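Asks: A structural model of the following input is requested.
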Amino acid sequence: DAKAVFAYASDPEVTHYVIWEMHRTIEDSTAFLELALGKYESGGEPDWGIVYKGGHCFVGTCGFVNWEDDHARAEIGYVLHKDYWGRGLMPEAVLAIIGFGFRKMGLNRIEARCIAKNTASARVMENAGMTYEGTLREREFVKGAYRDMKLYSVLRSEYHRR
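Replies: Prediction:
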């Protein structure tokens, strides 16, 4: 899957608003996959690949980062190959991750953040039923500058009412 990861993780348009650095070599993508597998094997933060049913190809990832078990809270992170933008794949994946977090991980709160200018990511969170809580001013130092971050969340009680 390293070639498939590299295809989107090395794309400047895809990585423009992510907080991690663009992959420069296939080894960067291999290292990412090894990290994800290591977390899975050790019971750490789950992260899944997104496979497009139409072509059975690996097109992105979606999973949990910043899992705080003591507080029953975790944050969702995601990225998708640009050829698959606008097809509703990411809201579907985020909804599946939210369900997993509440049903299997026993979470009470699930959060997601995006760089404030990333309107597409904010739309994903809204389409997944997350509530906008506010903008954290200059919250992250990303790619040479402090960035405002939009914060969204969904609570277990809200999820179960749906």
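Asks: quick check: Tyr83 touching Val59?
Replies: Residue 83: Asp, not Tyr. Yes - assessed by C-beta atoms under 8 Å, Asp83 is found in contact with Val59 at 7.5 Å. From N, CA and C alone the C-beta is placed, and that goes for glycine too.
Asks: out of those two, which sits in the busier spot?
Replies: Val59 (24 against 14; other C-beta atoms under 10 Å).
Asks: from the chain's centre, how far out does the helix or strand containing the more buried one sit?
Replies: Val59 belongs to strand 57-68 when elements are defined using DSSP states H and E. Distance of strand 57-68 from its chain centroid, counting by C-alpha atoms, centre = their mean, to the nearest Å, is 5 Å.
Asks: and that strand, what does it pack onto?
Replies: Packing partners of strand 57-68 (3 or more C-beta pairs under 8 Å, 6 or more residues apart in numbering; DSSP states H and E): helix 2-9, strand 47-52, strand 73-80, helix 89-103.
Asks: so where's this structure shaky on pLDDT?
Replies: For the chain, residues meeting the criterion pLDDT under 70 lie at 162.
Asks: I'd like to know how far Asp69 sits from Met105.
Replies: Distance of Asp69 to Met105, given as C-beta to C-beta, to the nearest Å: 8 Å.
Asks: over to Ser121?
Replies: Counting by C-beta to C-beta, the separation of Ser121 from Met105 is 22 Å.
Asks: mind listing what the residue lying closest to His81 once chain neighbours are set aside touches?
Replies: Counting by C-beta to C-beta, 6 or more residues apart in numbering, Tyr8 is the residue found nearest to His81 once chain neighbours are left out, at 3.9 Å. Going by C-beta atoms under 8 Å, 6 or more residues apart in numbering, Tyr8 touches Val14, Val59, Gly60, Val79, Leu80, His81, Lys82.
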